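Visitor: give me coordinates for this.
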Amino acid sequence: VSLEESGGGLVQPGGSLRLSCAVSGFRFVNFAIGWFREAPGRAREWVSCISSHEEKTFYADSMEGRFTASRDIAKNMAYLQMSNLKPEDTAVYYCAREATEWGTGCQHGRSRYDYWGQGIQVTVSS
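Guide: Okay, the predicted model is just below:
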């Protein structure tokens, strides 16, 4: 099982970035994919996820309306489109596989995810 993020970088406040998560080694359609982030000096926090069943998307309150999670089953890719970025969005972003196959909805707790990407830096600064 492998997940690998890409698409991070430096962006000005108000700008946009799309993170990608390439997955392999498991049946992608069967598992929810979550996104987390970790800012310096802060705990890793749940950002968003897309469920396996019906591909429903869920967001943390501060990301609602700015971030959009999606997935392309055929390409084994998950995405996090981030818009109207703010300096407080600066963090290392991770994608992760939820441990429960065909779970309902999405889990928020880190312990509910069993495989993680290596993380990618997103810096929002002028």
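Visitor: tell me, how many residues neighbour the nearest residue to residue 9 once chain neighbours are set aside?
Guide: The spatial neighbour of residue 9 that comes closest, neighbours along the chain excluded (C-beta to C-beta, 6 or more residues apart in numbering), is residue 17 at 6.7 Å. Every C-beta, even on glycine, is put in place using the N, C-alpha and C of the backbone. Residue 17 has 20 neighbours, counted by other C-beta atoms under 10 Å.
Visitor: tell me the contacts of residue 17?
Guide: Applying C-beta atoms under 8 Å, 6 or more residues apart in numbering, we find residue 17 in contact with 7, 8, 9, 11, 82, 85, 122.
Visitor: repeat for residue 91
Guide: Residue 91 neighbours (C-beta under 8 Å, 6+ apart): 37, 38, 39, 42, 121, 122.
Visitor: at 6 Å instead, please
Guide: Counting by C-beta atoms under 6 Å, 6 or more residues apart in numbering, residue 91 touches 37, 38, 39.
Visitor: do residue 70 as well
Guide: If you count contacts by C-beta under 6 Å, 6+ apart, then residue 70 has residue 79 around it.
Visitor: next SSE after the longest strand seen in the chain?
Guide: As assigned by DSSP state E, the longest strand anywhere in the chain is strand 91-101. Downstream of strand 91-101, the next assigned helix or strand under DSSP states H and E is strand 113-116.
Visitor: let me see the mean pLDDT of that next one.
Guide: Averaging pLDDT along strand 113-116 yields 97.
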